[in-house]
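A.B. asks: give me a model of this one.
(one chain, ligands or ions: 1)
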Amino acid sequence: MSQCFSESTTLRVGGPMARLLTVRDERELTQHLAQIWQSDEPWFVLGGGSNVLASDEGFDGTVLRLATRGIELVPGAAPGYQRIHVRAGERWDDLVAWTVAHGYVGIEALSGIPGLVGAAPVQNIGAYGQELSTVLSSVDFLDEGSVQPRRILASELGLGYRDSLFKQGWLRGIISAIELDLVPPTDSPTATLSESVAFEQLARALDVPLGERVSLARVRNTVRALRAAKGMLLDPSDPDTASAGSFFTNPIVNEHVARSLPPDAPRWCLDPEPVSEVVPLTPPESPLDAFHAHRASVVTEAAMRDAPSATSRTKLSAAWLIEHSGIHRGFRLPGSRAAISSKHTLALTNRGGATAEEIAQLARYVRTRVHAEFGFELIPEPTLLGVEL
Ligand SMILES: Cc1cc2nc3c(=O)[nH]c(=O)nc-3n(C[C@H](O)[C@H](O)[C@H](O)COP(=O)(O)OP(=O)(O)OC[C@H]3O[C@@H](n4cnc5c(N)ncnc54)[C@H](O)[C@@H]3O)c2cc1C
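C.D. replies: Numbering: from 1, shown residues only. As a prediction, this is how the structure comes out:
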């Protein structure tokens with residue numbers, strides 16, 4: 001019997017996969033990819049399924065799962081750092097646990113994010129004041145059609161807020177490994193201090209001022225506790241965690257658009273000084289140029305409505321916008337088995353037996369309400385496979 005996405009994704013929805021191939025080492029990866037590239041059939045690479053909404057019809061092609069494991073110290077980092085090579089099939093949170101146990105500093109606040117290492121660069125995972133982009137050195141990548149990985153520097157990946165060339169579709173293929181540059185332990189691993197705490201809620205939970213450093217284990221435990229309280233730590237006994245995490249990204253708009261919101265709307269200025277975005281008239285030369293041109297035009301689109309020349313970017317809270325368009329925690333459409341999490345407005349959850357279409361209907365409803373109230377299109381964060389919002 002074929003495997004269904006409902007068994008392999010944290011939203012627990014989605015129909016059958018025509019074919020599922022699991023890869024345990026580099027040799028199997030080469031063999032399977034040679035087959036997939038030759039067949040001309042559709043393909044999809046699935047990690048832990050924690051950021052995918054797959055349709056009830058399923059996927060009429062090959063789904064590839066990477067189960068390649070390995071965390072190794074390798075040379076090459078700048079003085080004061082240690083380079084770490086990690087294969088794509090490692091669980092992200094196991095990697096964080098390993099770095100904390102061995103005293104490597106830089107990803108401790110990214111504790112508890114579900115999924116596999118290979119997917120982490122796809123949306124440049126981030127939480128509690130840390131983001132992958134600040135420690136990622138490179139990825140090993142097999143372009144569609146190729147069985148030879150090439151190394152791509154992090155600076156060439158267009159990493160931004162929950163965004164990358166992979167997510168935008170400019171780089172299509174398989175990430176087989178990543179390399180991180182982390183700060184190695186100075187004394188014993190348990191005495192090693194974290195990065196400066198850069199997120200207010202985390203500082204409050206730790207009972208320290210922003211900028212303070214505490215033990216790596218304390219950051220990890222506190223982040224995991226904060227996540228559990230919000231239903232953002234996978235737990236089969238908590239129905240609020242049958243989700244894809246945050247379903248929408250926080251909108252980034254022009255400061256003038258942000259000013260049109262009520263004063264209590266949370267906002268974060270992303271540019272210290274207003275900048276002028278220039279959209280090139282000539283065709284972009286590389287995927288990275290094309291991506292930056294695309295990103296500029298997306299930001300500019302919202303900004304132009306109110307102020308055609310100034311585009312200082314402001315990030316808004318999608319959760320606040322949803323709540324203030326009248327949708328509250330626990331909300332569900334009549335008769336639906338999909339609901340907003342009872343702990344976090346940004347998570348759409350499966351309350352048991354929901355279909356992908358029920359999740360999609362709820363997502364459409366949220367988008368429509370926010371658009372009607374504030375004029376913004378919320379952008380979905382998960383990969384949509386055969387689903388349209
Ligand atoms: C409870 C919960 C909390 C979450 N909290 C956070 C959070 O705090 N911050 C955050 O950023 N995200 C968060 N997420 C989202 C999610 O965990 C991350 O995006 C994670 O990196 C997805 O990993 P995955 O292995 O599950 O990827 P999947 O969901 O399987 O795939 C996601 C995308 O990556 C692609 N992909 C997967 N593996 C590869 C590969 N090897 N090569 C190329 N492409 C690949 C897939 O094709 C797909 O497009 C949360 C999700 C849940 C359910």
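A.B. asks: ok, L136 - contacts?
C.D. replies: Each residue near L136 by Cβ atoms under 8 Å, 6 or more residues apart in numbering is listed here: 121, 154, 157, 159, 178-180. No exception for glycine: its C-beta is placed from N, CA and C like everyone else's.
A.B. asks: try 7 Å
C.D. replies: 121, 154, 178, 180 (Cβ atoms under 7 Å, 6 or more residues apart in numbering).
A.B. asks: repeat that for T349.
C.D. replies: Counting by Cβ under 7 Å, 6+ apart, T349 has contacts 239-240, 242-243, 338-339, 341.
A.B. asks: go through those residues and name the one nearest the ligand.
C.D. replies: Distances from the ligand to the contacts of T349, taken as Cβ to the nearest ligand atom, are shortest for S243 (5.2 Å).
A.B. asks: who's in contact with that closest one?
C.D. replies: 10-11, 341, 347-349.
A.B. asks: 8 Å - rerun?
C.D. replies: By Cβ under 8 Å, 6+ apart, the contact list for S243 reads 10-11, 231, 341, 347-350.
A.B. asks: hang on, the earlier thing: of the contacts of T349, buried ones?
C.D. replies: 239-240, 242-243, 338-339, 341 (16 or more other Cβ atoms under 10 Å).
A.B. asks: run through those residues and flag the ones next to the ligand.
C.D. replies: With Cβ under 6 Å from any ligand atom as the criterion, the buried ones among the contacts of T349 include S243 near the ligand.
A.B. asks: turn the buried ones among the contacts of T349 into TSV, columns for pLDDT and secondary structure.
C.D. replies: Shown next, in TSV, are the buried ones among the contacts of T349 (pLDDT from 0 to 100; DSSP: H, G, I helix; E, B strand; the rest coil):
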residue	pLDDT	secondary structure
P239	96	helix
D240	97	helix
A242	98	coil
S243	98	coil
A338	98	strand
A339	98	strand
S341	98	coil
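A.B. asks: what sits against A318?
C.D. replies: Taking Cβ under 8 Å, 6+ apart as the test, what A318 contacts is 246, 248-251, 346, 370, 378.
A.B. asks: at 10 Å what do you get?
C.D. replies: By Cβ atoms under 10 Å, 6 or more residues apart in numbering, the contact set of A318 is 246-251, 345-346, 366, 370, 376, 378-379, 381.
A.B. asks: ok, now Y365?
C.D. replies: Counted by Cβ under 10 Å, 6+ apart, Y365 has contacts 327, 331-333, 336, 338.
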